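Engineer: Quick one, fold the following:
(one chain, ligands or ions: 1)
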Amino acid sequence: MAGLMQDRPLSLPHVFHRAEMLFADKEIVTATASGERRSTYGECFERVRRLAAALDRLDVPAEARVGTFCSNTQTHLELYFAVPCSGRVLHTINIRLFPDQLAFVVADAQDDVVFVDRALLPALWQVADRMPSVRHIVVIDDGSNEAVPDDPRVVDYETLLAGGPPRSGRFVIDDENSAAALCYTSGTTGDPKGVLYSHRSTVLHSLTSLAADVLAIGERDRVQPVVPMFHVNAWGLPYTAVLAGANLILPGTQTAPGELLAQIERHRVTISAGVPTIWMGALPLLHEHDLSSLRMVLCGGAAVPQSLSEGWRAAIGLPITQAWGMTETSPICTVGVLRSADNELDDEERARLRATQGRPVPLFDLRLVNPETGAEQPWDGVSAGELQAAGPWIASGYLNGSGADAFTDDGWLRTGDIATVDPRGYLNLVDRTKDLVKSGGEWISSVTLENHIMGHPAVAEAAVVAKPDPRWSERPVAFVVPRDDARLTTDDVLAHLRPLVPKWWLPDEVHFVDALPKTGTGKFAKRVLRARLDAIVPEGST
Ligand code: ADP
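Structural biologist: Next comes the predicted model:
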């Protein structure tokens, strides 16, 4: 028997029109090199309507991909709504891609138009001749003085908006499963793959983020997405904030740790979100700012060392909240909001729980599967398996049919992460399949080793990779960045690790470096480190 409820599409136009009616006075602040731009939802949404009309005038067809090559700014937010609400697909391009990858994703997406911040124009222009699908390059004047080439494809954003009346009436998307946005995986394992979010998946992901035991974002919040708007839609925060009617504090190009903390202080930010390297960089500066407005510092994309979260708790009384997700999962799937029963645990045990990836959010299903036998693993906190994901905001495939082996026969996403889950549902990521160190037939978790090494007070950052070994097949090798001028030896690092891990986990080599290579999304670039290992001649050999 069918239920008798209205079948209305879950689509971004609802989010837009609701906010337009209810939250016109809410603030959007964008930090700029020369100060800041302050605006309201009302002013921004008028520009969204102008932009939607401008896309019509440019003859951008329905379902066409509209690329953005932009920082976290109000203009980017205008694109976030005008493009999908008018039936096109927003393709947020990673501004740190190498030219070959950039040309690849624009071609794979078949972008029709690309919008670019003037400050970022030189990076995009490097491949301007390798983007045959792109008819227009719309330059957003962000106050920078980068030269704008004299080229028939180039259009000025403000001129475009001023070129006609705004779109009136309501935006309509009939099919909630139609594509709203496109984001590419960062391509650590080959060519980047396109993940195509639907209106429905975006709305459900945003709605879940509002839930009290997820991010609890409400109208009273002031949200600062530090995670780039090209990285999984800044973890959905722009859409979530607008659904809630929260103020948005957008860091633009002002993303150095001191600048971010100054924005938090000035605008009384309540929730901020970024990858661990950002919050690690901010740690030594926390005492210089009044950060009492913060109620949540969200962190994910890579493991959050316990020492980092506890460092924040010691400095400002607020630990970091960890979340897990991927480009393919929109991304939020688990969040480290502790259970009420965990209030009874001591500080150390609670800190340990916060170093897990947290518990599954509503509507998201996970399972652990033994990669060799295919058997589902129990949630006993010990049995490790590949993490597989299912839910209404999890990808069912990639654009243009690539990467089909990432999906199981029964439609689950194979994440490539190895994890355990304890009986309370806390997910603990052991490693990524390709980063695990397989030594003598057993696994060594590079993530656990890194977290322990970063717990040493004289260590700023550490990454562990596998080195081929004739006897054990692989052995762990650590790259360590000492804090400031700290003098640190291999013996110091090993002595620190000895009480914390089994003896056979101890790295065979420790290399001290000034900095670790990072990927475009701020993670340790382990592929680069592995390649570097090949070039290193061990001490004592000639
Ligand atoms: P890429 O897969 O190219 O690195 P994503 O940004 O989609 O790009 O990364 C998703 C991966 O990041 C996950 O599969 C996982 O390995 C890692 N990750 C995300 N969040 C966490 C976390 N809280 N702890 C550990 N690893 C994480």
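
Engineer: max-length helix in the protein?
Structural biologist: Ranked by residue count and defined by DSSP state H, the top helix of the chain is helix 41-57.

Engineer: Now that one: average pLDDT?
Structural biologist: In this model, helix 41-57 has an average pLDDT of 98.

Engineer: okay, now the domains of the protein?
Structural biologist: 12-23+35-197, 365-432, 436-533 (automatic domain parsing).

Engineer: if we can go back for a sec, list the contacts of the next helix or strand after the longest helix of the chain.
Structural biologist: Following helix 41-57 in sequence order, the next helix or strand is strand 65-69 (DSSP states H and E). With contacts defined as C-beta atoms under 8 Å, 6 or more residues apart in numbering, strand 65-69 is touched by 55, 60, 76, 79, 83, 88-93, 95, 106, 109-117, 120, 123-124, 134, 182, 229-230. Glycine gets a C-beta too; all of them are placed from N, C-alpha and C.

Engineer: hang on, the earlier thing: could the domains of the chain go into a markdown table alongside mean neighbour count?
Structural biologist: Converted to a markdown table, the domains of the chain look like this (neighbours: other C-beta atoms under 10 Å):
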| stretch | mean neighbour count |
| --- | --- |
| domain 12-23+35-197 | 19 |
| domain 365-432 | 17 |
| domain 436-533 | 17 |
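
Engineer: after the helix or strand containing residue 223 comes which helix or strand?
Structural biologist: Following DSSP H and E, one finds residue 223 within strand 222-225. Using DSSP H and E, the next helix or strand after strand 222-225 towards the C-terminus is helix 232-235.

Engineer: Against which helices or strands is that next one packed?
Structural biologist: strand 179-184 (3 or more C-beta pairs under 8 Å, 6 or more residues apart in numbering; DSSP states H and E).

Engineer: what pairs with the strand it packs on, and is each one parallel or antiparallel?
Structural biologist: strand 89-92 (parallel), strand 194-198 (antiparallel) (DSSP bridges).

Engineer: need those strands in TSV with mean pLDDT and distance to residue 357, can you?
Structural biologist: Shown next, in TSV, are those (pLDDT from 0 to 100; distance: least, C-beta to C-beta, whole Å):
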stretch	mean pLDDT	distance to residue 357
strand 89-92	98	24
strand 194-198	98	20
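
Engineer: To the ligand, which of those strands lies closest?
Structural biologist: Among these, the nearest to the ligand by C-beta to the nearest ligand atom is strand 194-198 (8.4 Å).

Engineer: List the contacts of the closest one.
Structural biologist: Counting by C-beta under 8 Å, 6+ apart, 89, 105, 108-109, 176-185, 233, 327-328, 330, 393, 395, 398-400, 402 sit against strand 194-198.

Engineer: That one and the ligand, are they touching?
Structural biologist: No - applying C-beta under 6 Å from any ligand atom, one finds strand 194-198 separated from the ligand by no less than 8.4 Å.

Engineer: tell me the angle that strand makes with strand 65-69.
Structural biologist: In terms of direction (axes from the mean of the first three to the mean of the last three C-alpha atoms, to 10 degrees), strand 194-198 departs from strand 65-69 by 110 degrees.

Engineer: mind listing the helices for the stretch 151-300 of the chain?
Structural biologist: Assigned by DSSP state H, counting those that start in this stretch, the stretch 151-300 of the chain shows helices spanning 157-162, 199-210, 232-235, 237-244, 257-267, 276-282.
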